[in-house]
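Peer 1: Got a sequence here, can you build the structure:
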Amino acid sequence: MTTTETGANAPSSPDATDIVTDHDRGIHGYHQQKQEHLKRLRRIEGQIRGLQRMVDEDVYCIDILTQVSASTKALQSFALQLLEEHLRHCVADAAVKGGDEIDAKVKEATQAIARMLRT
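Peer 2: Numbering: from 1, shown residues only. Predicted structure coming up:
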């Protein structure tokens, strides 16, 4: 037996390219809570429609600003939940695979956090 044959017949240890995760199958971190997220977004959409109605009905400025603040807070809360799920799922998935993918996912998450902080 030559060394080539030994290498070809030897059991291979799985490397990062052999690992298949939910993320590879197109399942995102929010998948488990998808219906809850959609319900939450519909509620936020209702708040925005309420703002339109308030402007249309010439409601007092401060009352509208109060509702804008509530809507903004609701969106920020949703974004924070989505970010947490991204970290738990997508970034953790990249960590399992290792290599350059983890660096890319951490950079992506850091940029998302920076965008959230600018608002």
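Peer 1: make it CA atoms for all contacts and neighbour counts henceforth
Peer 2: Will do.
Peer 1: continuing past the lowest-mean-pLDDT helix or strand in the chain, what's the next helix or strand?
Peer 2: For the chain, the helix or strand with the lowest mean confidence is helix 3-9, at a mean of 43 (criterion: mean pLDDT, DSSP states H and E). Using DSSP states H and E, the next helix or strand after helix 3-9 towards the C-terminus is helix 34-56.
Peer 1: Could you report the neighbour count for residue 51?
Peer 2: By other C-alpha atoms under 10 Å, 20 other residues sit near residue 51.
Peer 1: which residue is nearest the middle of this structure?
Peer 2: Geometric centre of the chain, nearest residue: residue 86, 3.7 Å, by C-alpha atoms, centre = their mean.
Peer 1: and residue 74, how many neighbours?
Peer 2: Neighbours of residue 74 (other C-alpha under 10 Å): 17.
Peer 1: By residue count, what's the longest helix in the chain?
Peer 2: helix 61-86 (DSSP state H).
Peer 1: which parts of that one are buried?
Peer 2: 64, 67-68, 71-72, 74-75, 78, 82-86 (16 or more other C-alpha atoms under 10 Å).
Peer 1: Export the next helix or strand after it to PDB, keeping only CA atoms.
Peer 2: Per DSSP H and E, the first helix or strand lying C-terminal to helix 61-86 is helix 92-97. In PDB, the C-alpha atoms belonging to helix 92-97 read as follows (Å, rounded to 0.1, in the frame of the first residue of the first chain):
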ATOM      1  CA  ALA A  92     -23.000  31.000  16.100                       C
ATOM      2  CA  ASP A  93     -23.400  29.000  12.900                       C
ATOM      3  CA  ALA A  94     -20.300  30.700  11.400                       C
ATOM      4  CA  ALA A  95     -18.400  30.000  14.600                       C
ATOM      5  CA  VAL A  96     -19.100  26.300  14.200                       C
ATOM      6  CA  LYS A  97     -17.700  26.500  10.700                       C
END
